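A.B. asks: Pasting the sequence and the predicted coordinates here, then a few questions.
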Amino acid sequence: MLRLKHMVVASSFKAVLCSISPLLSLGFARIISTWGVDYQVHVGEYGVHWNFFFTLAAVSILTSVVRIHPKHCGLVGLLILAGYQIWLSSGLNEYLISHKRSADIITQNKEGIYSILGYWGMFLIGVSLGFYLFVDTSSKGKNRNTQVMQIWVLAASFWILAIIFDSYIERVSRRMCNFAYVMLVFGQNFQVLSILTLAGFASYKKNLVLEDAFNENMLGSFLLANILTGLVNLSVNTLSASSFTAFMILSVYAFTLCMVTGLTHFCGVRMKFW
C-alpha cells in the first residue's frame with residue numbers, strides 16, 4: 001500500500017513538473033535573452049533573476065499540490081490575501097521596497113518570491129468567480145441578463161474596493177501584489193468583460209471571434225505581447241515619448257496583438273506544449 005501511494009505521489013509530481021516545464025523554459029530563456037541584448041530590466045519589478053514566467057510556474061505548482069474545489073477557492077484565496085496583507089502591513093512591505101539586497105537567492109529575488117502569495121490568492125479568487133459566473137448551473141433562473149448584471153456589479157465593486165484599499169490600507173503595488181493591486185486587477189478585467197458583454201448582445205448566444213481567439217491561445221498571445229513590448233522598448237525611448245506618440249504606439253501594439261491572435265485562431269494554430 002505504501003509503495004502504491006509513493007508511486008501515485010511520484011507520478012503526480014512528475015505530471016506537475018511536465019506541466020510547468022514550458023513556463024520554466026520560457027523563464028530561463030527570458031533571462032538569457034535579456035542579458036544577451038542588454039535589455040532594460042528593472043530589478044525592483046520581480047528581482048534580479050526572477051520574471052513572471054517563474055511566478056506562473058510557482059502558482060501552478062501550488063495549485064497542483066494544494067487541490068481545492070472551485071466552490072471553496074474564493075474563501076481560501078481571500079484568507080491567503082488577508083494573511084499576506086497583514087504580513088505586508090507588519091513590516092514585510094518595507095523589506096520588499098528596500099533597495100538593499102544581500103547575496104542569497106531569496107533576497108536577490110524577494111519581490112518575485114514573496115508576491116507569489118498574492119498571485120496565488122488572486123488566481124484562487126478568479127477560479128471561484130469564473131466557476132460561479134460561467135460554469136455553475138445550479139442556480140435557478142440564471143440567464144444571460146443576470147450574468148451580465150453580475151459582471152457589471154463585480155466590475156464596479158472591485159474598483160470601489162481598490163480605491164478603498166489604496167486609500168486606507170496600502171497603496172497599489174504590483175511588485176508586492178498586495179490586496180489593493182489584486183482588487184485593481186479584478187476591477188480592470190471585469191471592466192473589460194462588462195464592455196464585451198455589451199458587444200455580445202449583437203451575437204446573443206455566441207462569443208465574439210476575438211474572445212474565442214484569445215481564449216484558445218492565452219499563452220501564445222501572452223508571449224506575443226511580451227515580444228512586442230520588448231521590440232518597442234528596444235526601438236523607442238518610451239520614457240521621453242510624447243502623449244501622442246505613446247497613444248500611437250499603444251494603438252499599433254493593440255492592433256498587431258489582436259490581428260495576429262485572430263489570424264492564428266482562424267488558421268487553427270494553438271500554442272500548447274503539453
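C.D. replies: Okay, I see it. Residues are numbered from 1 along each chain as shown.
A.B. asks: could you point out where the stretch 1-150 of the chain is predicted with low confidence?
C.D. replies: 1-13, 137-142 (pLDDT under 70).
A.B. asks: So which residues of it form strands?
C.D. replies: Here the stretch 1-150 of the chain has no strands by DSSP state E, counting those that start in this stretch.
A.B. asks: Also the stretch 151-274 of the chain?
C.D. replies: Taking DSSP E, counting those that start in this stretch, the stretch 151-274 of the chain contains no strands at all.
A.B. asks: where does it have low pLDDT?
C.D. replies: For the stretch 151-274 of the chain, the stretches with pLDDT under 70 are 200-207, 271-274.
A.B. asks: And the helices in it, which stretches?
C.D. replies: Per DSSP state H, counting those that start in this stretch, the stretch 151-274 of the chain carries helices over the ranges 179-200, 209-216, 218-235, 243-266.
A.B. asks: Of these, flag the one that's most buried.
C.D. replies: Of the helices of the stretch 151-274 of the chain, the one with the most neighbours on average (mean count of other C-beta atoms under 10 Å) is helix 179-200, at a mean of 18. For every residue, glycine as well, the C-beta is placed using N, CA and C.
A.B. asks: Residues contacting that one, please?
C.D. replies: 81-82, 84-85, 118, 121-122, 125-126, 129, 147-148, 151-152, 154-155, 158-159, 161-162, 165-166, 169-174, 207-208, 211 (C-beta atoms under 8 Å, 6 or more residues apart in numbering).
A.B. asks: Please apply the same query to stretch 238-249.
C.D. replies: Contact partners of stretch 238-249, identified using C-beta under 8 Å, 6+ apart, comprise 232, 236.
A.B. asks: Grab the nearest non-local neighbour of L23.
C.D. replies: Spatially, and ignoring its direct neighbours in sequence, L23 is nearest to A57 (4.1 Å; C-beta to C-beta, 6 or more residues apart in numbering).
A.B. asks: domain ranges for the chain?
C.D. replies: Using automatic domain parsing, the domain parsing of the chain gives 2-204, 207-274.
A.B. asks: tell me the most buried of those?
C.D. replies: Note that of the domains of the chain, domain 2-204 is the most buried (mean count of other C-beta under 10 Å), with a mean of 16.
A.B. asks: re the thing from before, among the helices of the stretch 151-274 of the chain, single out whichever gets nearest to Y39.
C.D. replies: helix 218-235 (6.6 Å; C-beta to C-beta).
A.B. asks: Now do that closest one: distance to the chain's middle.
C.D. replies: 15 Å (C-alpha atoms, centre = their mean, to the nearest Å).
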